[in-house]
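J.: Need coordinates for the following:
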Amino acid sequence: MRPMSVLLLGASLAMSVLARAQAQQSILGYHGDPARSGHFLVPSLTFDRARSLRLDESFRAQMSGHVYSQPLYWRAPGSNSGILIVATEDNVVVAIDAASGKELWNRSLGKPVPRSSLACGNISPLGVTGTPVIDEAAETIYLDAAVERPSGPRHLVFALSLKDGVPRPGWPVDVMDAIGGASPSFVARDQNQRGALVMLAGSVSVPYGGHFGDCGQYHGFIVGISVSDPRTVRSWATRARGGGIWAPGGISSDGKSMFVTTGNTFAATTWSDGEAVVRLSPDLHRSNDPRDFFAPSDWQTLDARDADLSGTNPLPLDFSDGSRGLILALGKDRKAYLLDRGNLGGIGGQLAVATVSERAVITAPATYPAADGVFVAFEAQGTSCPTQARGQGVVALKIRAGPPPAMSTAWCAPLRGRGSPIVTTTDGHANPIVWIVGAEGDNQLHGLRGDTGESLVTAPLRAMTGLRHFQTLIATEDRLYVAADETVYAFAF
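T.: Numbering: from 1, shown residues only. This is a model prediction of the structure:
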């Protein structure tokens, strides 16, 4: 019999190897997984090492265009190094060596749409805004690009080889042509695509909403395209005009279903899919079962106030004790809603609701384990901060599954800017660190202890330039990466 110390050492080494193997996996979509958890496993990134974080001045990355989407990270089978994939509003997709920043390939998708071609909006030019998704088995990346054509703006969904950026046969798909017979109709000029894409059951699903200013005949749309036969295209849309799906996190998934939040609708006298959390199957079949949707009982008031739910993606929550899965929805109405994932509850069917912010919540949340529940961190102006004066910052909710489920504010921390956080841990639980950029504020990277909110990056890092609101970041085994206009910043630890 081997000594216990040897067994413990072997178990420890095995866990370390497993953790490092998990940490070196590719980052295939927004916030690291289809559930949009924003939780990244980085075994070497402890609280102490976070204090030594520094900008890697040797990393030099350049590309053309403004950047609103999150970068992705792919490590080819058998490769010792990874590549970053960044898509820009110039309709440029670039692959970058993750160690040096050197460009590996560059693909132009067509002329971006000028602001003059749109009835409203606040992005100019308009190209790729939503975060793409990677099919690792097929070594393919999927994304939507707004392209200016002689006939006007079009939305084209591309499939590009990860190795060289070459379009796959049968792609791109012109969405307006592909679902031309749909009702309501898809008006490409009035639709905008800024939510993240997701892959499920052999299809890539793309969410759409409207432009800033709510002009034209837009709806909340989801378009699903078969990756094996791009001629097979399905769609789902809100019945009323409006109801855009515009959260940066776009579509979330628990591996069986997809979940989206919709925005305000116009002139709806009966509920018509707006102000809602909607569950969809991969075939995008419409369900009128109350188990498959939720809307607050005051949805008409929210419509009138433009206080919709679609500022953030629905966040699936799972608990280590095997409790029923929940959905958290955060809204522009300043509230947090807890929903039963198996029965969303219909109109007014939430399990719990609380006002958690003094202003609209419009950036993506991130979740990570707590001792007796989960934490959810998001950028907000907290209403129930335990120790901090109210103000712009980061809020962490502590959520318990119940029954009944409950939520409370665990901590708040100051922040000047509107970024979307992620979380790193060393083994899934230990050393939780909430990372967030002060986008369009102080433009710095901030690291906070996930259990207390204490700042770990005590010496200010160099401010970045070109950060766009809602921007998030990614974590790999040895760096944090932040995409900005015409560049990517790398932080080493």
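J.: C-alpha only now, for contacts and for neighbours.
T.: Will do.
J.: Give me the phi and psi for the closest residue to residue 343 other than its chain neighbours.
T.: Distances taken as C-alpha to C-alpha, 6 or more residues apart in numbering put residue 291 closest to residue 343, at 4.1 Å, once the chain neighbours are dropped. Dihedral angles of residue 291 (phi, psi; degrees, to the nearest 10) stand at phi -70, psi -20.
J.: wait, residue 291 sits on residue 346?
T.: Yes. If you go by C-alpha atoms under 8 Å, residue 291 and residue 346 touch, sitting 6.3 Å apart.
J.: what about the two, which has more around it?
T.: The residue with more neighbours, out of residue 291 and residue 346, is residue 346; 20 against 17, by other C-alpha atoms under 10 Å.
J.: Distance of the more buried one relative to residue 470?
T.: Residue 346 sits 29 Å away from residue 470, taking C-alpha to C-alpha, to the nearest Å as the criterion.
J.: And residue 96, by the same measure?
T.: Going from residue 96 to residue 470 by C-alpha to C-alpha gives 23 Å.
J.: likewise residue 216?
T.: For residue 216 relative to residue 470 (C-alpha to C-alpha), the value is 24 Å.
J.: which one of these two has more residues nearby?
T.: Using other C-alpha under 10 Å as the criterion, residue 216 and residue 470 rank with residue 470 on top: 24 against 17.
J.: Surely residue 94 is within a strand?
T.: Yes. Assigned with DSSP: H, G, I helix; E, B strand; the rest coil, residue 94 falls within a strand.
J.: Just list the residues touching it, thanks.
T.: 63, 85-87, 103-107 (C-alpha atoms under 8 Å, 6 or more residues apart in numbering).
J.: Need the max-distance pair from these.
T.: 87 and 104 (13.9 Å; C-alpha to C-alpha).
J.: Would you indicate which residues of stretch 107-119 are buried?
T.: Of the residues in stretch 107-119, 107, 109-114, 118 count as buried by neighbour count, 16 or more other C-alpha atoms under 10 Å.
J.: Low-confidence stretches in the stretch 1-150 of the chain?
T.: Residue ranges of the stretch 1-150 of the chain with pLDDT under 70: 1-24.
J.: Strands of that one, start to end?
T.: Applying DSSP state E, counting those that start in this stretch to the stretch 1-150 of the chain gives strands spanning 39-41, 54-55, 72-74, 83-87, 92-97, 103-108, 133-135, 140-149.
J.: just the stretch 151-300 of the chain next, same as before
T.: Using DSSP E, counting those that start in this stretch, strands in the stretch 151-300 of the chain cover 152-161, 173-174, 198-200, 203-208, 221-226, 233-237, 252-253, 258-261, 277-280, 293-295.
J.: What pairs with the fourth one, parallel or antiparallel?
T.: Partner strands for strand 203-208, per DSSP bridges, with pairing direction: strand 198-200 (antiparallel), strand 221-226 (antiparallel).
J.: same thing with the last one?
T.: Partners of strand 293-295 in the sheet, by DSSP bridges, are strand 277-280 (antiparallel), strand 346-347 (parallel).
J.: Other residues contacting it?
T.: 274-279, 344-350.
J.: Would you format those as TSV with distance to residue 262 and pLDDT included?
T.: Converted to TSV, the contacts of strand 293-295 look like this (distance: C-alpha to C-alpha, whole Å; pLDDT from 0 to 100):
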residue	distance to residue 262	pLDDT
274	5	97
275	5	98
276	5	98
277	7	98
278	8	98
279	11	98
344	14	98
345	16	98
346	14	98
347	14	98
348	15	98
349	16	98
350	16	98
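J.: Now that we have those residues, which of them are buried?
T.: Neighbour counting over these (16+ other C-alpha under 10 Å) leaves 274-279, 344-347, 349-350 as the buried ones.
J.: can you name the two of those that are farthest apart?
T.: Largest separation among the buried ones among the contacts of strand 293-295 by C-alpha to C-alpha: 274 and 350, giving 15.9 Å.
J.: bridging residues for residue 446?
T.: Here residue 446 sits in beta bridges with residue 436, as judged by DSSP bridges.
J.: Any stretches of the stretch 351-493 of the chain with poor pLDDT?
T.: Scanning the stretch 351-493 of the chain with the threshold set as pLDDT under 70 gives 388-392.
J.: in this structure, which residue is closest to the centre?
T.: Centroid-nearest residue in the chain: residue 249, 2.7 Å away (criterion: C-alpha atoms, centre = their mean).
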